[in-house]
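**Student:** This is a predicted model, with the sequence first.
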Amino acid sequence: AMTLEAWVYPTSASSSWNDAIYKGNDNYYLMASSFSLGQPAAGGIFAGSHGEVFAPNALPLNTWTHLAATYDGTTVRLYLNGTLADSKAQTGTLATSSNPLTIGGDPIFGQYFQGRIDEIRIYNTALTQPQLQTDMTTPIT
C-alpha cells in the first residue's frame, strides 16, 4: 500500500513525463505531466506489470495543484485537489529496488519538472479521500 502527495506549480507546459515523486525504475510514481495531453499520472509496477491512472487534462500553469496517488492492494487512484480524477482496478505487490527516491526529476530518464514542488508526503498506507483532504490543508511543520 502507498500514498504519494505533492503540491505542484508548473511554470511551463509539457507533453512528456515529468516527475513530482519518482522511485526508480518505475517502482512507483506521481507525475505532474505525462505523454500526449500532458496530464498528471500516477502508477507503478505491480506484480511485474505497469498500472497507471491519468487525470483528464494537463495542470493549469502558474497555479498550485495538490496531486495525490493511492494504492490499497485493489485499486490505484489519482486525486487532484482532493477530488478523485481516475481509478483503476489493480492487484499485486509494488516493485522494490535499491534505486533512489527522487523529487522533481530522476537520474534514470531525466524527467525533470519545470516549476515548484512543496509539501511532499509519502506513506506506506493508502490514505482515504477525507485524509487526503486534511493533508491538503495541513502544512508540514
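**Tutor:** Received it, and whenever you're ready, just let me know what you need. Residues are numbered from 1 along each chain as shown.
**Student:** Give the rounded mean pLDDT of the lengthiest helix in the chain.
**Tutor:** Looking across the chain with DSSP state H, the single longest helix is helix 129-136. What helix 129-136 shows for mean pLDDT is 98.
**Student:** chain center to stretch 8-16, what's the gap?
**Tutor:** With C-alpha atoms, centre = their mean, to the nearest Å as the basis, stretch 8-16 stands 14 Å off its chain's centre.
**Student:** What of stretch 132-140?
**Tutor:** The chain centre lies 16 Å from the centre of stretch 132-140; the measure is C-alpha atoms, centre = their mean.
**Student:** The longest helix of the chain: which residues count as buried?
**Tutor:** Buried residues in helix 129-136, counted by 16 or more other C-beta atoms under 10 Å: 132-133, 135-136. Glycine gets a C-beta too; all of them are placed from N, C-alpha and C.
**Student:** Repeat that for stretch 49-69.
**Tutor:** Those buried within stretch 49-69 under the rule 16+ other C-beta under 10 Å are 51-55, 58-59, 65-69.
**Student:** got the end-to-end distance for that stretch?
**Tutor:** Start and end residues of stretch 49-69 are separated by 18 Å (C-alpha to C-alpha, to the nearest Å).
**Student:** ok, back up a step: determine the set of other helices and strands touching the longest helix of the chain.
**Tutor:** Packing partners of helix 129-136 (3 or more C-beta pairs under 8 Å, 6 or more residues apart in numbering; DSSP states H and E): strand 2-10, strand 65-71.
**Student:** Just put the ones you listed in CSV and tack on distance to residue 126 and mean pLDDT.
**Tutor:** Shown next, in CSV, are those (distance: least, C-beta to C-beta, whole Å; pLDDT from 0 to 100):
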stretch, distance to residue 126, mean pLDDT
strand 2-10, 6, 98
strand 65-71, 4, 98
